[in-house]
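Asks: next come a sequence and a model predicted from it.
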Amino acid sequence: MPNLRHTLVLLCASLLLVSNESVFAELSSNDLEQLSVLAESENRSEKARARNKYRNPVKTLNFFEVASDQTVVEIWPGGQGGWYRSILEPYLAENGHYIPVRSKDAFPKPVDKVADNSADRVLVFRAHGFMIYDNPAQDYFDSIFKMLKPGGVFGIVDHRGDESIPQDPEGKNGYVNQSHVLMLAKNAGFELLESAEINANPKDTKDYPNGLYSLPPSLKGSSFNKALRAKVLEIGESDRMTLKFTKP
C-alpha cells in the first residue's frame, strides 16, 4: 500500500507539472540549432549580438513557432541590418520566405507583396509606433489579420506599459499597455493563444525622465548625469510583453 500511495503522489505531481507547462509546440532541434548559430553569427554586428541577452531571439522565435519553411512577414524591421531581420532572413532563405513590410510600404493599406491569407507568421518587434501614431491603431491590426492564413500566428513583442496609468494616445513615453494591445487584437478578430515572460524585466520601473528612451540602448538624457546612467545601465532594457495570437 505504501508503494501504491507513493506512486499516486508521483503521478499527481507529474500531472500538475504538465498542466503548468507551456502548451506551445517547440521547433525541431535542427531549427533551434540554426537559430542559435544565426543569433551568435559574426555576420551580425557585435553591438547586435550584445543585445541577445535582452531580446532572447531563440526563445522568442521558438515561442512563436517560427519554422524555417514558413512564409514570415516582419512589420517595420528596420533596414537591411534590422535586428531580427539579420536572423530571420538567412534562416528562411533556403526553404521559407521572409517578407519585410517597411515604413515606405502602403501598410496598413494592402501591401502588394503580401497577399491576403498568405502568411504563416506575422511578427512585430518593438514597432509600437503604428499603435499610437498616424492612422488609427485598429487599421494596422486589421491589416495584419488579413495577411495571415487561418491558423497562422501573429506574434508581438513590445515595451509593456504600467497598467495603473491609462494608455497615452500619443505614446510619449514609448510604452504600450498590454491591455491596449489585447483590445486591438481582439477587435481585429485574433484569439490569444498564449503569453510569455521571455522578455520581461521586473527591474523596469517605467518612470524615467525620458520614458523608456532613458534605458539602454538609447540612454537618452544621462550623458551628463552619472547617477542616472548607472541606474539605467543596471536596470537594462525595457520590460516587454510577448504575446502570441492566432487567426481562427
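Replies: In hand now; what should we look at? Residues are numbered from 1 along each chain as shown.
Asks: any idea how far the residue nearest to residue 141 when sequence neighbours are not counted is from residue 146?
Replies: Leaving out its chain neighbours, the residue that sits closest to residue 141 by Cβ to Cβ, 6 or more residues apart in numbering is residue 188, at 4.0 Å. (Glycine included, C-beta is placed from N, CA and C.) The gap separating residue 188 from residue 146 is 9 Å, by Cβ to Cβ, to the nearest Å.
Asks: please apply the same query to residue 197.
Replies: Residue 197 is 30 Å from residue 146, by Cβ to Cβ.
Asks: with residue 84 instead?
Replies: Where residue 146 is concerned, residue 84 sits at a distance of 22 Å (Cβ to Cβ).
Asks: looking at those two, which is more packed in?
Replies: Legend: neighbour count by other Cβ atoms under 10 Å for residue 84 and residue 146, higher for residue 84 (24 against 19).
Asks: my read: the more buried one touches residue 57, true?
Replies: Yes: taking Cβ atoms under 8 Å as the definition, residue 84 is a contact partner of residue 57 at 6.8 Å.
Asks: alpha carbons only: can I get the lengthiest strand in the chain in CSV?
Replies: For the chain, the strand reaching the highest residue count under DSSP state E is reported as strand 148-159. In CSV, the C-alpha atoms belonging to strand 148-159 read as follows (Å, rounded to 0.1, in the frame of the first residue of the first chain):
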residue,chain,number,x,y,z
LEU,A,148,-2.4,35.7,-42.1
LYS,A,149,-3.6,32.3,-43.2
PRO,A,150,-6.3,30.8,-41.0
GLY,A,151,-4.5,29.1,-38.2
GLY,A,152,-1.5,31.4,-38.7
VAL,A,153,0.3,33.2,-35.8
PHE,A,154,0.6,36.9,-35.1
GLY,A,155,3.5,37.4,-32.6
ILE,A,156,4.3,40.7,-30.9
VAL,A,157,7.0,41.8,-28.5
ASP,A,158,6.7,45.4,-27.2
HIS,A,159,7.5,47.7,-24.4
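Asks: who's the spatially most central residue of the chain bridged to?
Replies: Per Cα atoms, centre = their mean, the C-alpha nearest to the average position across the chain is that of residue 157, at 2.4 Å. Per DSSP bridges, residues listed as beta-bridge partners of residue 157: residue 125, residue 242.
Asks: residues in contact with it?
Replies: Going by Cβ atoms under 8 Å, 6 or more residues apart in numbering, residue 157 touches 55, 60, 124, 125, 126, 199, 240, 241, 242, 243.
Asks: ok, the spatially closest residue to residue 112 that is not a sequence neighbour to residue 126 distance?
Replies: Computed as Cβ to Cβ, 6+ apart, the closest residue to residue 112 that is not its neighbour in sequence is residue 106, at 7.7 Å. As judged by Cβ to Cβ, residue 106 and residue 126 stand 22 Å apart.
Asks: looking at those two now, which is surrounded by more residues?
Replies: residue 126 (21 against 10).
Asks: quick one on the thing from earlier: quick one: secondary structure of the residue nearest to residue 112?
Replies: coil (DSSP: H, G, I helix; E, B strand; the rest coil).
Asks: my read: the residue nearest to residue 141 touches residue 145, true?
Replies: Yes: when contacts are counted by Cβ under 8 Å, residue 188 is listed as touching residue 145 (4.4 Å).
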